[in-house]
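In: Sequence and predicted structure, then a few things I'm wondering about:
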Amino acid sequence: MNCSRTIFKLALCSAFLAPSLAAQEAPSVSFEPYRARSSLGQELEGQLGRIRVPENRFIEGGKEIEIAFVVYKTKNPSPGAPIMFLVGGPGGPGVEMTADVATDPRTNLLETHDVIGLDQRGTGLSLPNLSQGPEFPFDLPLDRAVSREEYVAAAKDSAARQAEFWESEGVDLSSYNSAESAHDIDAVRRALGLEKIILWGSSYGSHLGLSYLRYHPEHVERSVLTKVEGPDHTHKLPSVLQRRLEGLHELVAANAALSEKLPDLIGTVKALLAQLEEEPVTVTVDRGGQSLSVTVGPVDLQMLISVALGSSNSMATLPKALYYMSQGEWRHVMGFVVGSRRGGFGSAMTLAMDCASGASPGRLAQIERERKDPANILSDAILAPFYPEACEPCSAGDLGETFRGPIRSKSPILFVSGELDARTPVDNVLEILEGFPDHAHIIATNTGHGPRELESEMYQELVKYFLAGGTVESLTIELPPVDFEVP
């Protein structure tokens, strides 16, 4: 099969691409000393490596880009397979964060394994770095309420300007996707002369890890993937956000001190949305001797609640914020609204990666149904500003239905979910389990998208045992209740 440069060919050619990559010679690598700080503040010495890989693997003899990665060596005389840390985002600083992950005393990865972390293509020390160009932020008005449609239009405009700029710089944005990144990981593996690696990733890092398992399963000894984003989970479901809001309602109702102030959380949210729909609220504050006014509408509140439901820490402050809003105090939301109206996608890598993963027609249809369902009172605010429509200017990079299809791997895999996670819910894991016969699924109660499960000594021991080659059974780990702030 002749795989042309067109990214549309990826779905058809991917099955042919992986074997050909496996047969390739290892890329040459250059090293230099690299020093960082451990999670406890001690100096940590590593090696910074650099390799060159094709920007677009479907173009024979085409342009090359540079991938940077760091290696920390364990002092253990009998180490396990090296751990490949896959940072989330997409677009997180992989090299920068690896030292902290490798030396976290709760997991002690570096005590028993070498730890490798890379700056994924388009980020950090890898070249080009797509966060070093213009940001192309939104420019939505502050003096009136803004609709969802206006946010969508602003997102599409920002995406189009990003794409146009990087094209003018000679960058093929359609090549910045999770399939190419998975092959970059394997290029690093081959450059280091490794037969097997252990995958360690959370959130988008789990999405990338699953992509690696799709193309290179034979080189994975085992995997730890937390807060799991499957191949068709990039665009979030409004119904999941509604369930998390209802779960918060129940937690607040069970909290004596908080329920006295806020006896009906969902009723309060509905009332506040109705109030803003009828008459948006204008907030004025003094900033540096100048008066700044912002008008808050219902979409702003939906977006704010969506973000707050993203982690246990922000969730702990949300009921208090809703109480103050119900009492007519809106000043604390002003910074969020200004940031939303003047925000954007940041790095073009983030935009390109998520748009390439995209969503299946069935999932897009489900999102649209749920967005319009009055039962989901926050609509599709969980997607903002990365609405599916925002990807239209980047549609040439879509990886297609083969990429979003089932993944199968026989190597042991440990999945970890947060019971309260609105962004990567427990359901994500349940939908993909069939492809992983040797799996365990850990569900941590009272935690959202953040890594609160690391506070559990039971979880710490389970992870260490699993990394040492042990077999772990699926179970639920009880974490302490969310520590809500009371007005």
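Out: Cool, the structure landed. Numbering: from 1, shown residues only.
In: Pull up the distance across stretch 376-393, start to finish.
Out: For stretch 376-393, the separation between the terminal residues is 28 Å (CA to CA, to the nearest Å).
In: mind listing the strands in the stretch 101-250 of the chain by residue range?
Out: Remark: strands assigned in the stretch 101-250 of the chain by DSSP state E, counting those that start in this stretch are 115-119, 197-203, 220-228.
In: so can I have CSV of those strands showing mean pLDDT?
Out: Supplementary listing: the strands of the stretch 101-250 of the chain in CSV, determined by pLDDT from 0 to 100:
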stretch, mean pLDDT
strand 115-119, 98
strand 197-203, 98
strand 220-228, 98
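In: Now do the same for Glu25: its pLDDT.
Out: Confidence at Glu25, expressed as pLDDT, is 83.
In: Number of residues surrounding it?
Out: Neighbours of Glu25 under the rule other CB atoms under 10 Å: 6. Just so you know, the C-beta spots here come from the backbone N, C-alpha and C atoms, and that holds for glycine as well.
In: Confirm it sits in a helix?
Out: No: if the criterion is DSSP: H, G, I helix; E, B strand; the rest coil, then Glu25 is coil and not within a helix.
In: burial of the nearest residue to it once chain neighbours are set aside, as a residue count?
Out: Nearest-residue entry for Glu25: Arg190, 8.0 Å, with adjacent residues in sequence omitted and distances by CB to CB, 6 or more residues apart in numbering. Other residues lying near Arg190 total 19 when counted by other CB under 10 Å.
In: just checking, Arg190 touches Ile51?
Out: No: no contact is recorded between Arg190 and Ile51 when judged using CB atoms under 8 Å, the distance being 9.0 Å.
In: Overlap of the contact sets of those two?
Out: Taking CB atoms under 8 Å, 6 or more residues apart in numbering as the contact definition, Arg190 and Ile51 share the neighbouring residues Pro27.
In: Turn the strands of the stretch 101-250 of the chain into TSV, including mean neighbour count.
Out: Output for the strands of the stretch 101-250 of the chain, formatted as TSV (neighbours: other CB atoms under 10 Å):
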stretch	mean neighbour count
strand 115-119	27
strand 197-203	25
strand 220-228	25
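In: Tell me which of those strands sits nearest to Ile185.
Out: Shortest distance between Ile185 and these, using CB to CB, is found for strand 115-119: 6.9 Å.
In: Give the other helices and strands that the closest one contacts.
Out: Under the contact definition 3 or more CB pairs under 8 Å, 6 or more residues apart in numbering; DSSP states H and E, strand 115-119 sits against strand 64-72, strand 83-86, helix 94-103, helix 178-191.
In: most tightly surrounded among these?
Out: Ranked by average neighbour count under the criterion mean count of other CB atoms under 10 Å, the helices and strands packed on strand 115-119 are headed by strand 83-86 at a mean of 29.
In: With distance to Ile382 and mean pLDDT as new columns, can the helices and strands packed on strand 115-119 be given to me in a markdown table?
Out: Converted to a markdown table, those look like this (distance: least, CB to CB, whole Å; pLDDT from 0 to 100):
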| stretch | distance to Ile382 | mean pLDDT |
| --- | --- | --- |
| strand 64-72 | 32 | 98 |
| strand 83-86 | 23 | 98 |
| helix 94-103 | 25 | 98 |
| helix 178-191 | 21 | 98 |
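In: nearest to Gly405, of the ones you listed?
Out: Closest approach to Gly405 among those (CB to CB): helix 178-191, 12.6 Å.
In: So which elements touch that closest one?
Out: If you count contacts as 3+ CB pairs under 8 Å, 6+ apart, helix 178-191 packs onto helix 10-22, strand 43-54, strand 64-72, strand 83-86, strand 115-119, helix 204-215, helix 348-357.
In: Figure out which of the strands of the stretch 101-250 of the chain is closest to Ala440.
Out: Ala440 lies closest, by CB to CB, to one member of those: strand 220-228, at 10.1 Å.
In: quick one, that closest one and strand 197-203 angle?
Out: Put simply, strand 220-228 runs at 10 degrees to strand 197-203, going by axes from the mean of the first three to the mean of the last three CA atoms, to 10 degrees.
In: Okay, now the unreliable bits of the protein?
Out: 1-23 (pLDDT under 70).
In: if we go to 50?
Out: With pLDDT under 50 as the threshold, the chain has low-confidence stretches at 1-22.
In: quick one, what contacts the residue sitting nearest the centre point of it?
Out: By CA atoms, centre = their mean, the chain has its centre lying nearest to Tyr204, at 3.6 Å. Contact partners of Tyr204, counting by CB under 8 Å, 6+ apart, are Val87, Gly88, Gly89, Pro90, Gly92, Glu229, Met353.
In: on that earlier part again, now the helices and strands packed on strand 115-119 as CSV including distance to Ala253?
Out: Conversion of the helices and strands packed on strand 115-119 to CSV gives the following (distance: least, CB to CB, whole Å):
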stretch, distance to Ala253
strand 64-72, 47
strand 83-86, 39
helix 94-103, 37
helix 178-191, 40
